[in-house]
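**Q** Kindly return the folded structure for what I paste below:
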Amino acid sequence: MKTSELFALNQWLMVFPENATFDDVLYLLLDPDDETVVPWHVIETYPRRDIAEFIADTQTHFANVTNER
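**A** Residues are numbered from 1 along each chain as shown. The predicted structure follows:
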């Protein structure tokens, strides 16, 4: 997993499977039956689709700022 991906996941999630890819975690987050991905308490009531968008936006911004390839 890229540094930007790990940063974004840790920024918004308390728990996620360590062996999953970035995309896998986002898919799990969107699954209403999944309990392996847990958002931080501050945003736990937000729609999961919004949280996935926050994560993706954070990853993109981090990658751009750090010139990650």
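**Q** Was I right to think residue 2 contacts residue 68?
**A** Yes: in this structure, residue 2 is within contact of residue 68 by Cβ atoms under 8 Å, at 6.2 Å. Every C-beta, even on glycine, is put in place using the N, C-alpha and C of the backbone.
**Q** can you map out the strands along the protein?
**A** 13-15, 38-39 (DSSP state E).
**Q** For those strands, could you give me CSV that also reports mean neighbour count?
**A** Converted to CSV, these look like this (neighbours: other Cβ atoms under 10 Å):
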stretch, mean neighbour count
strand 13-15, 13
strand 38-39, 17
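**Q** among these, which is nearest residue 56?
**A** Nearest to residue 56, of all the strands of the chain, is strand 13-15, at 12.7 Å by Cβ to Cβ.
**Q** what's the closest one packed up against?
**A** Judged by 3 or more Cβ pairs under 8 Å, 6 or more residues apart in numbering; DSSP states H and E, strand 13-15 is in contact with strand 38-39.
**Q** dump the residue contacts of the spatially most central residue of the chain.
**A** Closest residue to the average C-alpha location of the chain: residue 9 at 3.5 Å, with Cα atoms, centre = their mean. Contacts for residue 9 (Cβ atoms under 8 Å, 6 or more residues apart in numbering) come out as 16, 22, 25, 55.
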